[in-house]
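1. Just the structure for this:
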Amino acid sequence: MDRLLFVASEAYPLIKTGGLADVAGSLPEVLRQKGMDVRLLLPAYQHVLESIDPPALVADMEVDGDALRILSTRLPGTKVDTWLLEHPLFSQRPGNPYHDSHGAPWPDNADRYMLLCRVAAAIATGEAGLDWRPDVLHCNDWHTGPAIALTHLREQRPRTVFTIHSLAHMGLFDRATFERLRLPQHFWSDSALEFYGQCSFIKGGLVYADYITTVSPTYATEICESPGGMGLEGLLSQRRDRLVGILNGIDSQVWNPASDPYLVQTYSQESVADKARNKAALQADLGLASLDDRPLVGLVGRLVEQKGLELILPVLADILACPVQLVILGTGEPRYEQQLKAAATVNPDAMAVVLAYDESLAHRIEAAADVFLMPSLFEPCGLNQLYSLRYGTLPLVRSVGGLADTVVDSNPHTLADGSATGFVFQRPDAAELLAALRRACALWYEQSVWRQVQLNAMSQDFSWQQSANRYLQLYNTATDS
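-> From the prediction side, this is the model:
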């Protein structure tokens, strides 16, 4: 049985700020069910320690002069053994894992996540003195990139895999920080961690991993070229033979309209008409007019430029005039929050904006909406479109990254052959977005056709099973680069 150390900065339901947490909260359990001996390594954030029963002590350790403890718990809802790195840098700090209450990154983030990397590398190479050592080290995103680089300082190291969840976050720090971290000087090279005069944590994984994965096949292609590679396209092109796109899955138990405890009315493919009760309930709860003569459009996500806010806002009045009702849930840049709130105030019957992170409301929007709006400028994988498909809520997306891999546009050909599952537009252009939404609205009024596309969407299988098999194959073929 292969032993796997899966390292991440967050995992649902212990701690979540984005899609990485959903992956780290699901994939290790599926891999465990498929026979791997899995340990999930996370920082023991203060919030995590406060939310779990007292954990067991695995080890007292000293790593590079830092005294710390490894604690053991189970990831809630799974049988995954989860190791928590307890140290004041993580465990005595409330709030967001990455930034303060003003949205500024914690000034010691480099020190914090380098500590996580050193611990991961020590466990992976056997230097931690534990009675368990992995055959495979799988690290995720910039917070854990240097862990893979550090394993190359030792003769004995495991097979390594590094997953890019988003190249937009590289973990960039200045030269003084690099020196303070006491990393080997040969890491300060453009063939190692140096990136245009800065230290890039993500390059630790990109340069040194046996295999690199991204969270969708299309994103794997996009990052090998400009602008998708964000300056790293040369390196990624050089490593193209070790770069694999594996589509993320979803937890089909958590996201299941037939058993979702957050819904007013559960439903399935056989009872999809019951979906309308969720729409009526959401309209009432959010103060929207109780209308059934127009589609309800939902958007759940971060209110930032990447998610297509610059495409939505210029045509917002036109969107509402289609006509539709619009429900938005999320937080993000203050300028976007303010503009959306102002529009909702002017259009109280047609538009509701909730500036929060609310898991329950996210589920209820997925169940209530007819169309899910996701016009991202770039999207490594995306999960909300996968939830939407499962809930019979047709995604309206831009053809980019994982969105291009998972949503089939509704057009005469795909409607005829039964492959249509949503609506897709190509260029990052507000007029193209609006045209796609008008196509969706026109189809919504053809209810028999709309119902068939809903059933097509709900028939898609984006569970973790197939993706986990791809990872198992990769773990078995990984060799020293």
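2. Tell me who's in contact with the residue lying closest to H169 once chain neighbours are set aside.
-> Leaving aside its chain neighbours, H169 sits nearest to W142 (5.5 Å; criterion: CB to CB, 6 or more residues apart in numbering). Where you see a C-beta, it was placed from the backbone N, CA and C, and this is true even at glycine. Going by CB atoms under 8 Å, 6 or more residues apart in numbering, W142 touches Y113, H169, M170, G171, S200, F201, I202.
3. Help me confirm that the fourth one comes into contact with F201.
-> When you say that, I think you mean G171. Yes - at 3.1 Å, G171 counts as touching F201 under the criterion of CB atoms under 8 Å.
4. Looking at the two, which is more packed in?
-> Higher neighbour count among G171 and F201: F201, with 26 against 23, using other CB atoms under 10 Å.
5. And the helix or strand hosting D405, what does it pack against?
-> D405 belongs to helix 401-406 when assigned by DSSP states H and E. Helices and strands touching helix 401-406, by 3 or more CB pairs under 8 Å, 6 or more residues apart in numbering; DSSP states H and E, are helix 217-222, helix 384-390, strand 394-398.
6. tell me the mean pLDDT for it?
-> In this model, helix 401-406 has a mean pLDDT of 97.
7. what residues does that helix touch?
-> 215-219, 222, 247-248, 374, 376, 378-382, 385-386, 389, 395, 397, 424, 460, 462.
8. Of those residues, keep whichever come out buried.
-> 215-219, 222, 247-248, 374, 376, 378-382, 385-386, 389, 395, 397, 424, 462 (16 or more other CB atoms under 10 Å).
9. low-confidence ranges in the stretch 1-150 of the chain?
-> For the stretch 1-150 of the chain, the stretches flagged by pLDDT under 70 are 1.
10. mind listing the helices for it?
-> 19-33, 46-51, 88-91, 109-125, 145-151 (DSSP state H, counting those that start in this stretch).
11. Redo those as a markdown table? Include mean neighbour count and distance to Y357.
-> Output for the helices of the stretch 1-150 of the chain, formatted as a markdown table (neighbours: other CB atoms under 10 Å; distance: least, CB to CB, whole Å):
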| stretch | mean neighbour count | distance to Y357 |
| --- | --- | --- |
| helix 19-33 | 24 | 12 |
| helix 46-51 | 16 | 13 |
| helix 88-91 | 19 | 21 |
| helix 109-125 | 23 | 21 |
| helix 145-151 | 27 | 26 |
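12. so which of these comes closest to Q253?
-> helix 19-33 (9.6 Å; CB to CB).
13. sorry, back to before: any common contacting residues for G171 and F201?
-> Listed as contacting both G171 and F201 by CB under 8 Å, 6+ apart are A110, Y113, W142, H143, G145.
14. For R438, state which of the residues you listed is nearest.
-> W142 (39.7 Å).
15. Tell me the backbone dihedrals of C199, please.
-> The phi/psi pair for C199 (degrees, to the nearest 10) reads phi -90, psi 120.
16. partner residues bridging it?
-> The bridge-partner assignment for C199, based on DSSP bridges, gives F173, E194.
17. thinking it is in contact with E179, fair?
-> No - at 9.3 Å, C199 does not count as touching E179 under the criterion of CB under 8 Å.
18. ok, and the closest non-adjacent residue to G228?
-> Spatial nearest neighbour of G228, chain neighbours left out: E222 (3.5 Å); criterion: CB to CB, 6+ apart.
19. residue contacts, S101?
-> Contacts of S101 (CB under 8 Å, 6+ apart): G95.
20. Same check on R364?
-> Neighbour list for R364: Y262, L263, V264, N278, A281, L282, D285 [criterion: CB under 8 Å, 6+ apart].
21. mind running it again at 7 Å?
-> By CB atoms under 7 Å, 6 or more residues apart in numbering, the residues touching R364 are Y262, L263, N278, L282.
22. Can you add secondary structure and distance to L193 and give those back as TSV?
-> Formatted as TSV, these follow (DSSP: H, G, I helix; E, B strand; the rest coil; distance: CB to CB, whole Å):
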residue	secondary structure	distance to L193
Y262	coil	43
L263	coil	47
N278	helix	49
L282	helix	48
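23. Quick one: buried ones out of the residues you listed?
-> Of the members of the contacts of R364, the ones counted as buried by neighbours, 16+ other CB under 10 Å, are L263, N278, L282.
24. Assumed P314 was part of a strand.
-> No - per DSSP: H, G, I helix; E, B strand; the rest coil, P314 lies outside any strand segment and is helix.
25. nearest residue to it other than its sequence neighbours?
-> In space, P314 is closest to A430, 4.6 Å off (CB to CB, 6+ apart).
26. which stretches of the stretch 351-481 of the chain have low pLDDT?
-> 479-481.
27. where along it do the helices fall?
-> Counting by DSSP H, counting those that start in this stretch, the helices of the stretch 351-481 of the chain are 359-368, 384-390, 401-406, 412-417, 430-444, 447-458, 464-477.
28. Give me the buried positions along the last one.
-> Okay, so that is helix 464-477. W464, S467, A468, Y471, L472, L474, Y475.
29. Show residues contacting it.
-> By CB under 7 Å, 6+ apart, the residues outside helix 464-477 that reach it are 2, 26-27, 30-31, 34, 136, 159, 161, 211, 213, 244, 246-249.
30. just the angle between that helix and helix 19-33, please?
-> If you take axes from the mean of the first three to the mean of the last three CA atoms, to 10 degrees, helix 464-477 sits at 70 degrees to helix 19-33.
31. Give me the distance from helix 464-477 to the chain's centre.
-> Here helix 464-477 shows a centroid-to-chain-centroid distance of 18 Å under the convention CA atoms, centre = their mean, to the nearest Å.
32. And stretch 180-194, by the same measure?
-> 29 Å.
33. Just the C-alphas of that stretch, formatted as PDB.
-> Output of stretch 180-194 as PDB, limited to C-alpha atoms (Å, rounded to 0.1, in the frame of the first residue of the first chain):
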ATOM      1  CA  ARG A 180      16.200  35.600   6.400                       C
ATOM      2  CA  LEU A 181      14.700  32.200   5.600                       C
ATOM      3  CA  ARG A 182      18.300  30.800   5.400                       C
ATOM      4  CA  LEU A 183      17.600  28.800   2.300                       C
ATOM      5  CA  PRO A 184      20.500  27.400   0.300                       C
ATOM      6  CA  GLN A 185      22.100  30.000  -1.900                       C
ATOM      7  CA  HIS A 186      21.700  27.900  -5.000                       C
ATOM      8  CA  PHE A 187      18.000  28.300  -4.600                       C
ATOM      9  CA  TRP A 188      18.500  31.900  -5.600                       C
ATOM     10  CA  SER A 189      18.600  31.200  -9.400                       C
ATOM     11  CA  ASP A 190      16.200  31.500 -12.200                       C
ATOM     12  CA  SER A 191      16.400  27.700 -12.500                       C
ATOM     13  CA  ALA A 192      15.300  27.400  -8.900                       C
ATOM     14  CA  LEU A 193      13.200  29.900  -6.700                       C
ATOM     15  CA  GLU A 194      14.300  33.200  -8.100                       C
END
